[in-house]
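Student: need a structure here:
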Amino acid sequence: MSDEIEDIGSNPSPRAGIAEVVAARLSRRAALRGLAGAGAAAALADQLIEDATAQIAQSQLRTAQIPMTGGPSTLTFPELHHQMAQTDAVAEGYEIQHVIRWGDPVLPQAPAFDPMRQTAQAQALQFGYNNDFLDFIPLPRGSNGSDHGLLWVNHEYTSTRLIFPSTDGRPVSNRQTTAEQAAVEMMAHGGSLVEIRRVNGRWQSLPGGTLNRRITAETPMRLSGPAAGHPRMRTNNDPTGTRVLGMLNQCAGGNTPWGTVLTTEENFNAYFSGEAAATGEQAAAYRRYGIPRQPVYNWAAHVPRFSLDREPNEPNRFGWIVEIDPFDPNSTPIKRTALGRFKHEGCTHAVAPDGRVVIYMGDDERNDYVYKFVTARPWNPNDLSANRDLLDEGTLYVAKFEDDGTLRWLPLTHGEGPLTSANNFHNQGDVLIETRRAADLLGATPMDRPEDVETNPATGRVYVMLTNNASRTTANAANPRPRNAHGHVLEIIPPGAGTAAVDHAGLEARWEIFLLAGKPGQDVGARYHRATSDQGWLSCPDNCAFDSKGRIWIATDGAPSAAGVADGLYAADTMGGGRALTKLFYQAPSGAEVCGPTFTPDNKTLFLAIQHPGEDSGSSFNNPSTRWPDFDPAMPPRPTVIAIVKKDGGVIG
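Tutor: Numbers count the residues shown, from 1 in each chain. Next up is the predicted model:
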């Protein structure tokens, strides 16, 4: 997403961030091992990855005699070469299929896509813009099928200059849209639920699917949990504080054991504006969430609820996790306030040994935090209706990473520690509406843009994608560079990881660094498996997924500007001799980001959301840097969900 919206950096916390914590931890190890001198920083960073590997593979990184081509990876696909091109590419032996594109019909009454004459009414029936998180739900319900299902797709934001044709030779600005254009953008947000099927080996969307649905920035939703009905949630149109129109900036997401979709509101701050951002009663709270005085999107000029001066509480109704029932197209989506309000990226679930459900989440902004939510009671696999409001009761925690490798989960509970009336937290609703400030006071560890947070179902370990941190100004042993331009992947090891009784609900865990991104030999501090090739290094990890073997698939966002290569999808073993040996599998077209990797149950199809193709500097609707995927002079670039299959019908990877 554009840096104008992301990476604002609104955390004023002076505490040590994850870089300093890692540096302190490595300094301790240096003292123990007697490492010193000019090469110590690189040696320590390498040792950190070796130590993590040693727990699984008896230090295979150091002791194995590994050839520099291929190495011990269990991934057998021939690796791609890094590229920057107008089209995309996948490893030899695999095929890319286009499943659904911006403007394609979701509902049967949708008109044909006409980019020159768009209307809000048409877009509300068509596939939205900038597809992100994907969730494949097999059909029939409860089956483990892999050829027929529902595909849930997030629509994060709109790239205004790529959506609308110019009328005066200049790209249309997101700050100057007309009322009609703003209405189209609102309908392009939200999400799509579409039935898909593999027919004669090719995936296709079915606009006649009876469960198909479009959710937009105007779809009625219910607020539930401790913040519902709070005075700061009430508006002129909703004096109860329990009803809200729409969801905004859906980024990564997840699902629940009882079959619902969890979608996340991320950069909601971009849609509100007004003088109250600087002078209103909630100015400090606006500032902590990056809500501006001047608009990023011009919606407030046309829709009163996006004006802070008219509806000062409206922003408080965004920044939540939204639960959606994919099997009831008439159901009302629910914003679950117990899970906290911040720029949500990711919402993966795990189940504790006692049956309580744990939701891991990241707050995607530099120097913000990693969270988890633990339900108050176990889920009921025998009565799905009994889980209907399970996410309304439980405890929200924020992570503190200690320099000895311990992670402590700090409860965000009203009345505990500093979360009292003395700090203007009068109830749990206050704590949740201002989750970031509450976490500040608890002393959580500021992180380098925590994006997706996913659990490896094969090991129980949890992986945090830390995309980068442009505000880093001091070097340290783990990241010996003046700014963390390339990011890294952090690994959380809950008690019992690797066994059948992983305690995701525990209050402590261990942590390690899985990899440090960047180009080895060029970007100081970059560290992977020593057999990683010149094509296997990556930059700016964003989303991830795991296949049935527990291998990690990492999608990137920001590699073109940070590293001069296209964003892509990389895979690596998480255990054994090939741990952290990343291999390049797919690269996106010019300007695009790779999002939402997800597999069918048989691991024979990998779905990817290719977002904002053509979003390069100077690119526009009239003069795009690429016309992917259609390469039709009458069509602008179109965000698209793709399916990758092996040409011989085999398992991906």
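
Student: alpha carbons only for contacts and neighbour counts from here, please
Tutor: Fine.

Student: Show me the helices in the stretch 1-150 of the chain, by range?
Tutor: For the stretch 1-150 of the chain, helices defined by DSSP state H, counting those that start in this stretch occupy the ranges 18-33, 40-57, 60-63, 120-123.

Student: Format the CA atom coordinates belonging to stretch 618-638 as CSV.
Tutor: The C-alpha coordinates for stretch 618-638 follow below in CSV (Å, rounded to 0.1, in the frame of the first residue of the first chain):
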residue,chain,number,x,y,z
GLY,A,618,4.4,8.1,-12.7
SER,A,619,2.0,5.3,-13.8
SER,A,620,-1.7,6.1,-14.3
PHE,A,621,-4.9,4.8,-15.9
ASN,A,622,-4.0,6.4,-19.2
ASN,A,623,-0.3,5.5,-19.2
PRO,A,624,0.2,2.5,-16.9
SER,A,625,3.6,0.8,-16.5
THR,A,626,1.8,-2.5,-17.3
ARG,A,627,-1.6,-3.6,-18.5
TRP,A,628,-1.4,-6.9,-16.7
PRO,A,629,-3.3,-9.3,-16.7
ASP,A,630,-5.3,-8.5,-19.9
PHE,A,631,-2.6,-6.6,-21.9
ASP,A,632,-5.5,-5.0,-23.8
PRO,A,633,-5.1,-1.3,-24.7
ALA,A,634,-8.7,-0.8,-23.7
MET,A,635,-8.1,-2.1,-20.2
PRO,A,636,-6.1,-0.6,-17.3
PRO,A,637,-4.1,-2.9,-15.0
ARG,A,638,-6.5,-5.0,-12.9
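
Student: Of all the residues in it, which ones are buried?
Tutor: Neighbour-count burial for stretch 618-638, counted by 16 or more other CA atoms under 10 Å, picks out 619-622, 624-629, 635-638.

Student: ok, and what's touching it?
Tutor: 86-87, 101-102, 115, 129, 161-166, 171, 589-591, 612-616, 640 (CA atoms under 8 Å, 6 or more residues apart in numbering).

Student: From these, which land in strands?
Tutor: Using DSSP state E, the subset of those located in strands is 101, 640.

Student: re the thing from before, could I get the buried residues of stretch 618-638 as JSON lines with pLDDT, distance to residue 412 and secondary structure?
Tutor: What follows is those, written out as JSON lines (pLDDT from 0 to 100; distance: CA to CA, whole Å; DSSP: H, G, I helix; E, B strand; the rest coil):
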{"residue": "619", "pLDDT": "96", "distance to residue 412": "44", "secondary structure": "coil"}
{"residue": "620", "pLDDT": "97", "distance to residue 412": "44", "secondary structure": "coil"}
{"residue": "621", "pLDDT": "97", "distance to residue 412": "45", "secondary structure": "coil"}
{"residue": "622", "pLDDT": "96", "distance to residue 412": "49", "secondary structure": "coil"}
{"residue": "624", "pLDDT": "97", "distance to residue 412": "46", "secondary structure": "coil"}
{"residue": "625", "pLDDT": "97", "distance to residue 412": "46", "secondary structure": "coil"}
{"residue": "626", "pLDDT": "98", "distance to residue 412": "46", "secondary structure": "coil"}
{"residue": "627", "pLDDT": "98", "distance to residue 412": "47", "secondary structure": "coil"}
{"residue": "628", "pLDDT": "98", "distance to residue 412": "45", "secondary structure": "coil"}
{"residue": "629", "pLDDT": "98", "distance to residue 412": "45", "secondary structure": "coil"}
{"residue": "635", "pLDDT": "98", "distance to residue 412": "49", "secondary structure": "coil"}
{"residue": "636", "pLDDT": "98", "distance to residue 412": "46", "secondary structure": "coil"}
{"residue": "637", "pLDDT": "98", "distance to residue 412": "43", "secondary structure": "coil"}
{"residue": "638", "pLDDT": "98", "distance to residue 412": "41", "secondary structure": "coil"}
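
Student: from those, which single one is nearest residue 180?
Tutor: residue 621 (17.3 Å; CA to CA).

Student: what's the nearest residue to the closest one if we skip its chain neighbours?
Tutor: residue 162 (4.2 Å; CA to CA, 6 or more residues apart in numbering).

Student: Let me know how buried that neighbour is, in neighbour terms.
Tutor: By other CA atoms under 10 Å, 24 other residues sit near residue 162.

Student: Contacts only, for it.
Tutor: 171, 614-615, 619-622, 624, 636-637.

Student: Compare the helices of the stretch 1-150 of the chain and say which comes out lowest on pLDDT.
Tutor: Mean pLDDT is lowest for helix 60-63 out of the helices of the stretch 1-150 of the chain, coming in at a mean of 26.

Student: shouldn't residue 134 be in contact with residue 594?
Tutor: No. With contact defined as CA atoms under 8 Å, residue 134 does not reach residue 594; the gap is 11.5 Å.

Student: residues shared between the contacts of these two?
Tutor: Shared contacts of residue 134 and residue 594 (CA under 8 Å, 6+ apart): 608-609.

Student: isn't there a helix covering residue 415?
Tutor: No. Assigned with DSSP: H, G, I helix; E, B strand; the rest coil, residue 415 falls outside any helix and is coil.

Student: now the end-to-end length of stretch 610-620.
Tutor: In stretch 610-620, first residue to last residue: 18 Å (CA to CA, to the nearest Å).

Student: With that, I have no additional questions.
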